[in-house]
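> predicted model, plus sequence, below.
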Protein chains: 2
Amino acid sequence: MPANDNPDIINPFLDASNRVHIEDGSYIRNEVDLANRNSGLLLELLSCDITPIGAHYLLNHFDVPILDSSTHTLAFEGAFEAPYKITLDEIKSLPKITMPVTLECSGNGRAGVQPRSRSMPWLYEAVGTSEWTGTPLKPLLEQAGPLQDAMEICFTGEDRGFDKAIEHNFARSLTLKHLENLEALLVYEMNGQPLLPQHGAPLRLIVPGWYGMASVKWLSNITALTEAFDGYQQVGTYHYRNDHDDPGIPVEDIRVKSLMKPPGIPDWQTRQRLVEQGTVPLMGRAWSGGGRNITKVEVGIDDQWQEATLDSNQHDYAWVRWQHEWQAKPGRYTLRCRATDSEGNVQPLTPPWDTSGFGNNKCQEIIVFVR
Amino acid sequence: MPANDNPDIINPFLDASNRVHIEDGSYIRNEVDLANRNSGLLLELLSCDITPIGAHYLLNHFDVPILDSSTHTLAFEGAFEAPYKITLDEIKSLPKITMPVTLECSGNGRAGVQPRSRSMPWLYEAVGTSEWTGTPLKPLLEQAGPLQDAMEICFTGEDRGFDKAIEHNFARSLTLKHLENLEALLVYEMNGQPLLPQHGAPLRLIVPGWYGMASVKWLSNITALTEAFDGYQQVGTYHYRNDHDDPGIPVEDIRVKSLMKPPGIPDWQTRQRLVEQGTVPLMGRAWSGGGRNITKVEVGIDDQWQEATLDSNQHDYAWVRWQHEWQAKPGRYTLRCRATDSEGNVQPLTPPWDTSGFGNNKCQEIIVFVR
């Protein structure tokens, strides 16, 4: 049968949820494809306050669009008193601030969820901290003036594709109430350099304290809505659901979390570690969302927990460094770290699974052999 | 039993080849861990002559070392007439050249090898082209003066770890005869910027025309040897072997290959594509190693092959752009591209498997639906 006679081809991704053979407990080619595209932080670079260019995690749903910064404009449209367009050059001439912000993918830690959730199989590495430079969003929104009945502001990027048979540009909304409390930025530089294509060049949103899906890349449209946004990325995913019929709770701010720079040297395949006995300096980073600070980090050597030392300078939206000295004797150990934030949230020892593996802030485990 | 009483812990990675449960046909956690660490080119960025910073593929065996560029030195040692050390600043003061070079990982395309070869599961994306800036290696080698009985030059990086129970710094050698014909560079800039930590800062080797394993990162030692180098990365891997007892043939220069920028827009999970009917511009890149040029690229629409147009300006060691227009009618298609080089090597339609999935230059396949 010629392909053209097959009615299935008309809307090719309609049956995407059934097309791919899944085996529980195994990783399928699609996931490896996603893992090869979407790169994670190299955990040894937790030694850097600011993640080097190119080592910050990437999660791009669709293809990276290459946009022309010299002609790029941002349109404020929809339920505003005074819709307008502004060019990138005009945005760059506005008051500029630079802010260290830790971004984390809400799917970080998804890889172990059972049954398999077919998506990017992050283990621990979907996190990074950059110095983001841009202009605050609020004055630009005020200039447009949301109408009395405006409820939400929707942010739309230039990246387009399919998910679950729905064709769309990546878009996410925030309520006006959310926006009151968020220090959202329109960003055009990362670590003092123009944004890279894969990080949203020439203009993106950064929503400090929220998981990464809120920080829309390749931003071209800001739309005031008089009802709740029902786009796929808003309602079809990014919810904590107990089962597939559960309407769920939206994924929003980042749960408390910490990571350790793996000590010693690695085995190529297993990534297990060899450490020399004696005093072993351990270090890592801890963070929480919603402007919450970190109040405590504990280090677990097998099941013995000790409090680590936190740096005193803590930014509201960037990770903080912790350090601890371990007197290591020969043996095999599982190292963990566990952060507590200013609202008393503590990382769990077992994953808080929802159906899609979102917001897994279970303590990291590193297997170390001491000789 | 306390861990310390277990004799196995003394050399923890001795049994690494047996420790990890493998299921043929499935991807295991270690491979996903490697895929999350080792990032590939986003294929849509094949549109760029020079791969943007941070989008070039990365394959790092061990942890990225953070080295101090202000104190970094390179030692010429071993079987030289006049061994010496040179600082990075001194290297930067030497004649400087900038060269576009395409690097590809020799494991690119490994993912499908059967039975599973436990390593980084690349599909197509372990490739990139950068403008590398540095100084030619040859004058520096001549200054040291290999002794009459010197056979090989070994390049050692600062990255250290285990593979197959062998602890070592990453190191590779080239014979003096190889070096006569190679335009090897000592590199400290990539795309006009200082090398990034994850790409070998502050100093690395670039061996144009060879697979990436030859381009040693974090380079600190250049050693002249009077016999063949027997380090793990030289003899324990990077060989084409028919079975595990086969001594094999060393992996050296890059096999002819091409890639296509996937047209249209993607489905998030399957990465299959939707394309609008009509004239569809197709484009991509083709390259071969050993200084061989590309003489032809063909585009296959299902099994119908047509010759693409090659750009006329071809660098010896960087990929060349090809373009083709496709008159697309509704249907489901498999798109391929196939390059031929100046020695008549042609990409195969089936993978040229060895036991480790090296040098797989099989034609890329992209599934596209046209509406």
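That came through fine. Because the structure is a prediction, the values reported are computed rather than measured.
> contact residues of the stretch 51-200 of chain A facing chain B?
With C-beta under 8 Å from any C-beta of the partner chain as the criterion, the stretch 51-200 of chain A meets chain B at residues A:52-56, A:58, A:60-64, A:66, A:111, A:118-119, A:121-123, A:125, A:160-163, A:167, A:196-199. The C-beta positions use only the backbone N, C-alpha and C, and glycine is treated the same way.
> quick one, helices of the stretch 51-200 of chain A?
Secondary structure of the stretch 51-200 of chain A (DSSP state H, counting those that start in this stretch): helices at A:88-92, A:138-144, A:176-181.
> of the ones you listed, which is nearest B:P136?
helix A:88-92 (40.6 Å; C-beta to C-beta).
> save the helices of the stretch 51-200 of chain A as CSV, and put in mean neighbour count, distance to B:V187 and mean pLDDT too.
Below are the helices of the stretch 51-200 of chain A laid out as CSV (neighbours: other C-beta atoms under 10 Å in any protein chain shown; distance: least, C-beta to C-beta, whole Å; pLDDT from 0 to 100):
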stretch, mean neighbour count, distance to B:V187, mean pLDDT
helix A:88-92, 16, 33, 98
helix A:138-144, 15, 43, 98
helix A:176-181, 13, 46, 96
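> would CSV of the ones you listed with distance to B:T295 be doable?
Listed next are these as CSV, based on distance: least, C-beta to C-beta, whole Å:
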stretch, distance to B:T295
helix A:88-92, 42
helix A:138-144, 54
helix A:176-181, 58
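> what's the nearest residue to the most centrally placed residue in chain A if we skip its chain neighbours?
Centroid-nearest residue in chain A: A:C105, 2.2 Å away (criterion: C-alpha atoms, centre = their mean). Leaving out its chain neighbours, the residue that sits closest to A:C105 by C-beta to C-beta, 6 or more residues apart in numbering or on different chains is A:A126, at 3.6 Å.
> what's the ChimeraX line that selects buried ones from the residues of the stretch 51-200 of chain A next to chain B?
What follows is the ChimeraX syntax for the buried subset of those, where burial is set by 16 or more other C-beta atoms under 10 Å in any protein chain shown:
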select /A:52,53,54,55,56,58,60,61,62,63,64,111,118,119,121,122,123,125,160,161,162,163,196,197,198,199
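> the residue in the stretch 251-371 of chain A positioned nearest to chain B and A:E276: what is the separation?
Per C-beta to the nearest C-beta, A:F369 is where the stretch 251-371 of chain A lies closest to chain B, at 3.5 Å. A:F369 sits 10 Å away from A:E276, going by C-beta to C-beta, to the nearest Å.
> neighbour count winner among those two?
Counted by other C-beta atoms under 10 Å in any protein chain shown, A:F369 and A:E276 do not tie: A:F369 has more neighbours, with 22 against 13.
> confirm the more buried one sits in a strand?
Yes: remark: A:F369 belongs to a strand, assigned using DSSP: H, G, I helix; E, B strand; the rest coil.
> correct me if wrong: it contacts A:Q272.
Yes: under the criterion of C-beta atoms under 8 Å, A:F369 makes contact with A:Q272 at 6.9 Å.
> check contacts around A:W326.
A:W326 makes contacts with A:P263, A:T279, A:V280, A:P281, A:L282, A:V299, A:I301, as judged by C-beta atoms under 8 Å, 6 or more residues apart in numbering or on different chains.
> now it, what's its secondary structure?
A:W326 is classified as strand under three-state DSSP.
> if I pick the residue in the stretch 51-200 of chain A positioned nearest to chain B, what's in contact with it?
Residue of the stretch 51-200 of chain A nearest chain B, by C-beta to the nearest C-beta: A:G54 (2.9 Å). A:G54 makes contacts with A:L196, B:I53, B:G54, B:A55, B:H56, B:L196, B:Q198, B:H199, as judged by C-beta under 8 Å, 6+ apart.
> quick one on the thing from earlier: and the helices of the stretch 51-200 of chain A: which comes nearest B:S173?
Closest among those, using C-beta to C-beta: helix A:88-92, at 49.8 Å.
> helices or strands up against the closest one?
Applying 3 or more C-beta pairs under 8 Å, 6 or more residues apart in numbering or on different chains; DSSP states H and E, we find helix A:88-92 packed against strand A:73-78, strand A:127-136, strand A:185-190.
> please repeat the previous calculation with a cut-off of 7 Å.
strand A:185-190 (3 or more C-beta pairs under 7 Å, 6 or more residues apart in numbering or on different chains; DSSP states H and E).
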